[in-house]
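*Asks:* below are the sequence and a predicted model; questions follow.
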Amino acid sequence: MKKSIAIDMDNVIVDIETNWIGWYEKEFGVRIDKEDLLGIPEDDAFPDPIAARSLIYKTGFFRYAPIINGAQEALLKLQEHYDIFIVSAAMEFPNSLPEKYDWLNEHFPFISWKNIVFCGDKRIIDTDYLIDDHLKNLDFCKGTPILFTASHNVNVTRHKRVNNWKEALALLELQEEK
């Protein structure tokens, strides 16, 4: 029986940071560099946090976000040895449900609808591994938590960290050799 991996969407396979920065500049005319976001919680990272958060509710915000470099190739490879589940706490943003589903169908057509989980709280997830960028999800992981680097979590030291999909593949290969 294959081991299982739950993989978050935002900041793990979807480059929400780049998307958010672009939308913020387009809407408010203020350019933000990714480096300006380092170590700052997402809700506080922009000059006007309330305005920045309002962007999440706009049509198209999730649908047209760019893919994280190497994600598609990595998931194709992981799928050979693991049961892969895409897990997103998408319930907070109602517009994100169809947009995230359509985004997945475009970028990851090899992931079955049976392996897509939209939930309100990831504590329900019981997989061997969880790859996520948020401690609120990793701290309750029943399996092995893997922290995927995003600007807001650069100062976190609590979990095994990967900075990109190449490192994630290497870590999971090491885990399987044990």
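*Replies:* Here it is on my side, so go on.

*Asks:* name the helix or strand of the protein that has the lowest mean pLDDT.
*Replies:* Lowest mean confidence among the helices and strands of the chain (mean pLDDT, DSSP states H and E): helix 165-177, at a mean of 88.

*Asks:* list the buried residues for that one?
*Replies:* For helix 165-177, the neighbour count (16 or more other CB atoms under 10 Å) marks 165, 167, 168, 169, 171, 172 as buried. Using the backbone N, CA and C atoms, a C-beta is placed for each residue, glycine as well.

*Asks:* okay, and residue 105 sits in which element?
*Replies:* Counting by DSSP states H and E, the element that carries residue 105 is helix 96-107.

*Asks:* can you name every helix or strand that that helix contacts?
*Replies:* Secondary-structure packing of helix 96-107 (3 or more CB pairs under 8 Å, 6 or more residues apart in numbering; DSSP states H and E): strand 82-88, strand 116-118.

*Asks:* repeat that with 6 Å
*Replies:* Using 3 or more CB pairs under 6 Å, 6 or more residues apart in numbering; DSSP states H and E, no helix or strand is in contact with helix 96-107.

*Asks:* can you tell me which of the buried residues of helix 165-177 is closest to residue 158?
*Replies:* Taking CB to CB as the measure, residue 158 lies nearest residue 171 of the buried residues of helix 165-177, at 15.7 Å.

*Asks:* low-confidence ranges in the protein?
*Replies:* Within the chain, the ranges that satisfy pLDDT under 70 run 177-178.

*Asks:* quick check: domain ranges of it?
*Replies:* Domain assignment of the chain by automatic domain parsing yields the ranges 3-15+67-177, 16-57.

*Asks:* so what's residue 97 closest to, chain neighbours aside?
*Replies:* Of all residues not flanking residue 97 in the chain, residue 90 sits nearest, at 5.4 Å (CB to CB, 6 or more residues apart in numbering).

*Asks:* ok now do the one you found, which residues does it touch?
*Replies:* 96, 97, 100, 118 (CB atoms under 6 Å, 6 or more residues apart in numbering).

*Asks:* which ones are touching the third one?
*Replies:* For residue 100, the contact set (CB under 6 Å, 6+ apart) comprises 62, 88, 90.

*Asks:* tell me the one of those residues nearest residue 40?
*Replies:* Taking CB to CB as the measure, residue 40 lies nearest residue 62 of these, at 21.6 Å.

*Asks:* is the closest one in a helix, a strand, or coil?
*Replies:* Following DSSP: H, G, I helix; E, B strand; the rest coil, residue 62 is assigned to coil.
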